[in-house]
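S.K.: give me a 3D structure for the following:
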Amino acid sequence: QVQVLESGGGLVQPGGSLRLSCQASGNYHAIKGMTWYRQAPGKERELVAGNTRDGRTKYLESVKGRFTISRDNAKNTEYLYLQMNSLKPEDTALYSCFVEGSVISPYGEADFGYWGQGTQVTVSS
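M.R.: Next up, the predicted model:
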C-alpha cells in the first residue's frame with residue numbers, strides 16, 4: 001500500500017509564489033512516475049508538471065518558466081515538489097499528485113497508480 005499526501009496549497013496574490021509537496025510512502029518496489037495535475041471548476045484535469053513513467057519531464061506550456069519540479073527521496077518515501085512562481089489567477093485549481101510505481105507480488109512485479117486528495121491553490125487579490 002502506498003500513501004500519497006500533498007501539502008502547500010493556499011491563498012496567494014497574483015505574482016506570488018507557493019511550493020507544493022507530494023509525499024509517496026509505503027511498501028513499494030519502485031516509483032516510476034510522479035506528476036502534478038490540476039483541475040479548476042468546470043474544466044478538465046490537466047497535467048501541470050512531473051516525471052512520467054516513460055522517463056520524461058513534462059511541463060504544461062502555460063507554466064513553463066514559472067513552475068519548477070524537483071525530487072527527493074528517503075527510505076520508502078519519494079517526494080515531488082512543485083515550486084510555483086509568478087502565479088496568475090488562472091492557476092487557481094485543486095492540485096493533485098499522481099504516483100505510479102510497482103510492488104512485488106507473489107505473481108511478480110505489479111504496477112500501481114495512486115492519487116492524493118489534492119491541495120487547493122487560489123490566486124486572487
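
S.K.: counting by contacts, list what the strand ranked longest in the chain packs against.
M.R.: Of all the segments assigned as strand in the chain under DSSP state E, the longest by residue count is strand 93-105. Based on contacts counted as 3 or more C-beta pairs under 8 Å, 6 or more residues apart in numbering; DSSP states H and E, the elements that strand 93-105 packs against are strand 2-7, strand 18-26, strand 30-39, strand 77-84, strand 108-115, strand 119-123. From N, CA and C alone the C-beta is placed, and that goes for glycine too.

S.K.: what are the buried residues along it?
M.R.: Applying a neighbour-count criterion of 16 or more other C-beta atoms under 10 Å, the buried positions in strand 93-105 are 93-102.

S.K.: can you list the helices and strands packed on strand 93-105 in TSV and add mean neighbour count, mean pLDDT and distance to residue 62?
M.R.: Conversion of these to TSV gives the following (neighbours: other C-beta atoms under 10 Å; pLDDT from 0 to 100; distance: least, C-beta to C-beta, whole Å):
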stretch	mean neighbour count	mean pLDDT	distance to residue 62
strand 2-7	16	96	21
strand 18-26	20	97	16
strand 30-39	20	96	11
strand 77-84	20	97	12
strand 108-115	12	94	22
strand 119-123	18	98	13
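
S.K.: okay then, goodbye and thanks.
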